[in-house]
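>>> Please find the sequence and the predicted model below.
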Amino acid sequence: MKTDRRSFFKLAGAAGAGMIAVGNASGNDDAAPLTSSPKDARETPFMTELFLDNKLLEMTPGVSRRLHKAKKHLLNPVIRCERWCDGNNIQPYTTLYDSEDKLFKMWARAGSDWKSKRVGDNAAYMLYFTSSDGVHWEKPDLGVVEIAGRRDHNIIFTSDMVSATDAAGSRGKQGFVVPSQPMRPQGKKAFFWAVNKHPNPKNASEKFVGLAIVQDHRRGAHIVSSPDGIHWSCANAPFWQTPNDVSGIGDDCLMHMIYDQAKQKWALYRRIIPEFSERMIADESDRERKAVDRYYRSYAYAESDDLREWKNHQFILSMDADDPADTELYQFACHKFGQIYVGYMSVYYLRRPQPIDIHLATSRDGINFTRVCRGEPFIPSGPLGYYDYMAMACSQPEPIVVDDTVYVYYTAGNFPHDADLASTDPGVVKCGAALATFKRDRFASLETSEWDPGPCRVVTRPFTVRHPRLFLNAATWMKGSVRVEALTRDWQPIPGFTEPVARPIQGDALDHPVRWQDNADVSKLLGKEIRLKFYMTRARIHAMTLCNEDRKLGAVDSEYQYDKLADPTPKLN
């Protein structure tokens, strides 16, 4: 895949499900729901249904949902441990595209578990990277702090810097529960997740905000803030301590946060264990809490209007009885595609050697998540010793889109989770930042079966038409086709929009226009409650979009054509 700065900034027009131009897909520009009001439709240029769950699906005879795995970049890892300040562990804890500075930005944890490779006794700290194309990354010598007597590095956050600052102190609680015992000494560790550009900063110092953990002291989740993404201040006390934080017998340091424009709230996702589901916030009694009989990684949710007061804490997600018995939810992150939340679940396997891979989940409210093609990884781990035997999702508060291609960054380690690092050559163990890509809206598809002769159909539940133009992100193969029919709520074909007069959709494109013999769009159906019925032969549908304006076909290049027998060129009918 070739991407340069010029082609990146030539992006124009809306890209997809809630995405905005210039490479950024924003959770802040929500697409209208299918039952939105006319006022919402006027304010929202389009809505896209990704079909990641069954909410809009009435029936799908001869059709099933199929996951489309992301494509790993040929240059992976796109950031490797190469400099004296990297250690042997770079993890892209947050990546975003800053449209103001026209740069990709990454905040990555770095360091080493080997004392010999620590930098100034720091085992974990934060590095800052920038890129103009999302593939080739700059490692600027920022000189923010002197480490090991040197300033030729891009280190921006360490444990020592936390203890020396209180500029963001007003965001922490005035007091916190002092842990009963320190964690097992692992060196100095301080890092942060989920860097967001604050949509409504009260002052210049909080242009960027994130979630920090300082493992060697002041344990718990802290707010960090920065005027430029480089110089950071940390709250003087944590705003959320779990019982694990104060008992010293566990580790809940993996977190994620987004600003949800639809809710006008900050949404926080934090790793936790089920035993804390009744009381997630620590008190003094937890200082003497005994260890649970099995630490079972899961996730909880909380929300805030102002990053100061957090409420609605609830247990939301874990592996369950329909999953393999030896799996746990190691890490979770999500962002908005229009109205839809797409979640990336890093699934940890206890089998030895222990890999991690990335699965998909989806939600309509950011709290209740449904697994997408349960059991199939969206970004599978590579073989043992490969650069991403452990593949872990990280924070991307908003989707990143370049030329209709979605970029997902993840941590890639070439060793198993249970590796005996003490007896392993530190020069062999590597962990870097990897990139996976896929075409816009193509997480999964509703696809006809090669075994079912048909008829193959998809019928939606009723919805009200709020936009005049209809497009399908779809592909066909071996002269297959998709024809679309509009039905009344009680399943009666609507004259002028029936299957016999529907123009066939053929080929592979992101935005096939849906047309009929006498109707080039659905403007005559505005304000009406309808169903859509898709007549499918050797075809798949990834998404449908209702919008106010015409859209380019978006023909899919061969690199991203999923089926060898796919019809490569979309037909304009």
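Yes, it's here.
>>> In this structure Asn196 contacts Asp260, no?
No - here Asn196 does not reach Asp260: they are 10.9 Å apart, not a contact under Cβ atoms under 8 Å. (Each C-beta comes from the backbone N, C-alpha and C, glycine too.)
>>> hey, C-alpha coordinates of stretch 528-535 in CSV?
The C-alpha atoms that make up stretch 528-535 are tabulated as CSV, following Å, rounded to 0.1, in the frame of the first residue of the first chain:
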residue,chain,number,x,y,z
LYS,A,528,-42.1,6.9,5.1
GLU,A,529,-41.5,3.9,7.3
ILE,A,530,-40.2,1.1,5.1
ARG,A,531,-38.2,-2.1,5.0
LEU,A,532,-35.5,-3.0,2.5
LYS,A,533,-35.2,-6.4,0.9
PHE,A,534,-31.9,-7.4,-0.7
TYR,A,535,-32.1,-10.1,-3.4
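>>> where does the chain have low pLDDT?
The model of the chain has pLDDT under 70 over residues 1-43, 163-175, 181-185, 251, 421-423, 426, 573.
>>> can you pull out the helices in it?
5-9, 38-43, 159-163, 243-247 (DSSP state H).
>>> For the third one, buried residues please.
By neighbour count, and taking 16 or more other Cβ atoms under 10 Å as the criterion, the buried residues in helix 159-163 are Ser159, Asp160, Met161, Val162.
>>> want to try CSV for these, with distance to Arg371 as columns?
CSV is the format used below for the buried residues of helix 159-163 (distance: Cβ to Cβ, whole Å):
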residue, distance to Arg371
Ser159, 37
Asp160, 42
Met161, 40
Val162, 37
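>>> Let me know how buried the residue nearest to His467 when sequence neighbours are not counted is, in neighbour terms.
Spatial nearest neighbour of His467, excluding adjacent residues (Cβ to Cβ, 6 or more residues apart in numbering): Leu546 at 3.9 Å. By other Cβ atoms under 10 Å, 23 other residues sit near Leu546.
>>> can you check Asp152 too?
Residues near Asp152, counting by other Cβ under 10 Å, number 11.
>>> ok, it - contacts?
Counting by Cβ atoms under 8 Å, 6 or more residues apart in numbering, Asp152 makes contact with Asp141, Gly143.
>>> Also Leu470?
Leu470 is in contact with Val484, Pro513, Val514, Asp521, Val522, Met544, Thr545, Leu546, counting by Cβ under 8 Å, 6+ apart.
>>> now the closest residue to Gly480 other than its chain neighbours: how far from Val482?
Spatial nearest neighbour of Gly480, chain neighbours left out: Arg538 (2.8 Å); criterion: Cβ to Cβ, 6+ apart. Here Arg538 is placed at a distance of 10 Å from Val482 (Cβ to Cβ, to the nearest Å).
>>> Which neighbours do the two have in common?
Thr476.
>>> picking up where we left off before, looks like the residue nearest to His467 contacts Phe463 (just checking).
No - contact criterion Cβ under 8 Å: Leu546 and Phe463 do not qualify, at 9.0 Å.
>>> quick one: the strands in the stretch 51-200 of the chain?
Applying DSSP state E, counting those that start in this stretch to the stretch 51-200 of the chain gives strands spanning 57-59, 63-67, 71-72, 91-98, 103-111, 122-131, 137-138, 155-157, 188-197.
>>> could the ones you listed be laid out in a markdown table, adding distance to His231?
As requested, the strands of the stretch 51-200 of the chain are exported to a markdown table (distance: least, Cβ to Cβ, whole Å):
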| stretch | distance to His231 |
| --- | --- |
| strand 57-59 | 49 |
| strand 63-67 | 42 |
| strand 71-72 | 34 |
| strand 91-98 | 16 |
| strand 103-111 | 13 |
| strand 122-131 | 10 |
| strand 137-138 | 18 |
| strand 155-157 | 7 |
| strand 188-197 | 13 |
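>>> Export those as CSV, with columns for mean neighbour count.
Shown next, in CSV, are these (neighbours: other Cβ atoms under 10 Å):
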stretch, mean neighbour count
strand 57-59, 14
strand 63-67, 18
strand 71-72, 18
strand 91-98, 24
strand 103-111, 25
strand 122-131, 23
strand 137-138, 16
strand 155-157, 25
strand 188-197, 24
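>>> So for the protein, the centremost residue is which one?
Cys334 (4.1 Å; Cα atoms, centre = their mean).
>>> I'd like to know how far that residue sits from Asp152.
Cys334 is 37 Å from Asp152, by Cβ to Cβ.
>>> just Phe191 next, same as before
From Phe191 across to Asp152, the span is 21 Å (Cβ to Cβ).
>>> Repeat that for Ala212.
25 Å.
>>> Equivalent analysis for Asn473, please.
Applying Cβ to Cβ, one obtains 47 Å for the distance of Asn473 from Asp152.
>>> can you check Asn236 too?
Asn236 sits 30 Å away from Asp152, going by Cβ to Cβ.
>>> again, but for Asp228
Asp228 is 20 Å from Asp152, by Cβ to Cβ.
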